[in-house]
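>>> below are the sequence and a predicted model for it; my questions follow.
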Amino acid sequence: MKWTKFLEKFLFHRISFIVFALLIQLAVLIGVILKFSEYFVFFYAASILISLAAILVIINNNTNPAYKLAWVIPILVFPIFGGLFYVFFGFNKLGRKTRKKMKSIEIKTKEALKPNWNVIEDIRAQSAAAANQARYIQEYAYCPPYLNTCAEYLPTGEATFERMVEELKKARYFIFLEFFIIREGLMWDTILDILVEKVSQGVDVRLIYDDVGCLFNLPYKYNKYLESLGIKCRVFNPLKPVLSRRHNNRDHRKIMVIDGIVGFTGGNNLADEYIDEFERFGNWKDSAIMLKGEAVWSLTVTFLSMWDYLSGLNEDFGNFKPNEEILWDREKDGYIQPFADNPLDDEPVGEIVYLNIISKAENYLYITTPYLIIGNEMEIALAAAAKRGVDVRIITPYIADKWPVHELTRSNYKPLIENGVKIYEYTPGFIHSKTYISDDIYGVVGTINMDYRSLYLHFECGVWMYKCSVISDMKEDFLKTLEKCKLVTLEDMNSVRWYRRLFRAVLRILAPLM
C-alpha cells in the first residue's frame, strides 16, 4: 500500500513531468544526430570547432580557474558534445532584457543605500584593515556599515524560531520573507498562521521562495494558494522542462524583515529539520542573527530589489524606511554591515569578505560550514594563516546530507591538515551554520557556504560585524559545539581506501560543476 502511494505520488509529481520532457529533448537530439550521421565528418568537424571556441572563451574569461579546469577537461574528453554542452550550461550571460532589469535594480539599490563614510572613517581610526573591509562591502555590494543597531546571535534553529514568532506577532506595517526552502510542518504552519492573522490586520505580507529549493517540499502552484490567503508571493526562477543554464542561479538567501525595524538572516530555512522537530541527518545545528535598528534597512532593500526584479515593479523603497523617531539612538555596540551577493555582477563579494577575514586574522580563526569545497585561493589563504601561527579551526558535518558532496568536502581535508589547519566533524549530526569568528573583533553570520555554488552561482546574503558584543557569543557557541566534535587527523586521511581517494580526486576536479 505504501509503495502504491509512493509510486502514485512520484508519477504525478511535477519533477516527473520535467524529467520526462527533458528525456524527450534528449531523444530528439539523438534523433537529429542519427539523421545527420551520413554527414558525420562535417558534424564532427563542426563540433570540434565549437569545442575549441568554447575552450578559448573559457581560458580568456574572468571566471575562477577551478571552474575553467572543470569545463576544459570534459570538453577535451568529449569533444563532440563538450562544446555544445558548455554553450547551453557553462557561461552565465544574460539577455539584453534581463541585463536592463538587473541594471535598473542595481541603480535603485545604490540610491536607497547611501554610503556612510563617517562610520567608515570612525572604523579607520581604530583599524585600517577593518575600515578597508567595510569600504569594500560599501563600494561593491552597495551596503554601508551602521552604528545604531543591536544584534542578537541565535545559536540554534529552535532559538531562531522562538524569536521569529515573537517578533512576527508584533508586526504592524509589513513583513518580508525570502527563503530558499519552505517545508510544510510545525515551523512553517506556525509562521503561516501568524502571517494570515497579520494580513487580516492590514499588514503587507510578502514572500519569495526558490522553486528548486521547495520542489519536493511544497505543492505545485503553492504561491497561488498563498495569494488566496492574502499573502503576496513570488517564486524565484521557476523550474521549467527546458535545458537551460538559468537553472544554475538560485535564491539561497534567508531574510525576514518586520516593519523595517527587526531583521533576521543566517542558515535557517523554514522547515522542521532546522528546529530539530524532524530528524533528517542526526541533530541539526544551525545559527542566525537578529538585528534591531538602522542596519535592517540594508536587508529591507535587499528584499525589495529582488521583489521588484521578480515582479517587474518600480516601487519607491523609501516608503518602507522607518521614521527616525522609530529608529531611536542606541548605545553603540560595534559596527554592523549586512550585505548581499549577486552572482550576475561578476563580483564575488562573499568570497572576498571571507578571504579578507582569513588574511587579517592574527590569533585565531573559527569557521563553521556544512560544505568545505574550496578553490586554490581559499586553500592557500587558510594554509597561510595556519603557517603564520593563527589557530585555524573549521567545523564540518559528520553525517552527510548529500553523500557525494560530503566526500568532496572530505577530499579537501588533507592538504589543509598538512599545513596546520584543524578540522573537526560535528558527530551528533549535520551542521548547517555558516559563521566566521576572528580575534574577538570580527564576525560573519549569513547564508554563504564555502562551496562554488554559494560563492559564485547563488544569490546570498550575510552580516559582517566589527567589535560587536555578539562576537563573544559566537565564540562561546563555537567552543561549546567543539566539545561535540571529533578532530580529523592526518592518520584518518592516510587510512582512507585507495578507491575512495580516487573517487575524491575525480570529485575535486569536477567540484565547480556540482
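Structure received. Everything numeric in this text was worked out from a predicted model, so none of it was measured.

>>> counting neighbours, which bits of stretch 173-182 end up buried?
For stretch 173-182, burial by neighbour count (16 or more other C-beta atoms under 10 Å) applies to 174-182. (C-beta placed from N, C-alpha, C; glycine too.)

>>> now the two most distant members of those.
Maximum pairwise distance among the buried residues of stretch 173-182 (C-beta to C-beta): 22.6 Å, between 174 and 181.

>>> can you pull out the helices in the stretch 351-500 of the chain?
For the stretch 351-500 of the chain, applying DSSP state H, counting those that start in this stretch gives helices covering 376-387, 403-411, 413-418, 452, 470-482, 490-494, 498-510.

>>> can you list contacts of the fifth one?
Surrounding helix 470-482, the residues in contact under the criterion C-beta atoms under 8 Å, 6 or more residues apart in numbering are 151-153, 155, 285, 287, 289, 334, 366, 368, 393, 395, 424, 426, 431, 435, 437, 440-443, 445, 465.

>>> can I get the helices of the stretch 351-500 of the chain in CSV with mean pLDDT?
As requested, these are exported to CSV (pLDDT from 0 to 100):
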stretch, mean pLDDT
helix 376-387, 95
helix 403-411, 91
helix 413-418, 96
helix 452, 88
helix 470-482, 97
helix 490-494, 94
helix 498-510, 83
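
>>> please identify which of the ones you listed is closest to residue 115.
Comparing the helices of the stretch 351-500 of the chain by their distance to residue 115 (C-beta to C-beta), the top pick is helix 470-482, with 24.6 Å.

>>> can I get the CA coordinates of that closest one in CSV?
Below are the C-alpha coordinates for helix 470-482, written out as CSV (Å, rounded to 0.1, in the frame of the first residue of the first chain):
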residue,chain,number,x,y,z
VAL,A,470,27.7,39.2,19.9
ILE,A,471,31.0,38.1,18.6
SER,A,472,31.8,36.7,22.1
ASP,A,473,28.5,34.8,22.0
MET,A,474,29.5,33.4,18.6
LYS,A,475,32.9,32.3,20.0
GLU,A,476,31.3,30.7,23.1
ASP,A,477,28.9,28.8,20.8
PHE,A,478,31.7,27.6,18.6
LEU,A,479,33.8,26.3,21.6
LYS,A,480,30.7,24.6,23.1
THR,A,481,30.0,23.0,19.7
LEU,A,482,33.6,21.9,19.5
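
>>> from the chain's centroid, how far away is that helix?
On the basis of C-alpha atoms, centre = their mean, to the nearest Å, helix 470-482 sits 22 Å off its chain's mean C-alpha point.

>>> then stretch 410-417?
With C-alpha atoms, centre = their mean, you get 23 Å for stretch 410-417.

>>> got the contact list for that stretch?
372-374, 379, 382-383, 386, 394, 423, 488-490, 493, 504-505, 507-508.

>>> using CSV, list the CA coordinates for that stretch.
Listed next in CSV are the C-alpha coordinates belonging to stretch 410-417 (Å, rounded to 0.1, in the frame of the first residue of the first chain):
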residue,chain,number,x,y,z
ARG,A,410,36.4,15.4,3.0
SER,A,411,38.7,15.4,-0.1
ASN,A,412,39.8,18.9,0.9
TYR,A,413,40.8,18.0,4.5
LYS,A,414,44.3,16.5,3.9
PRO,A,415,46.1,19.5,2.3
LEU,A,416,44.7,21.8,5.0
ILE,A,417,45.6,19.5,7.9
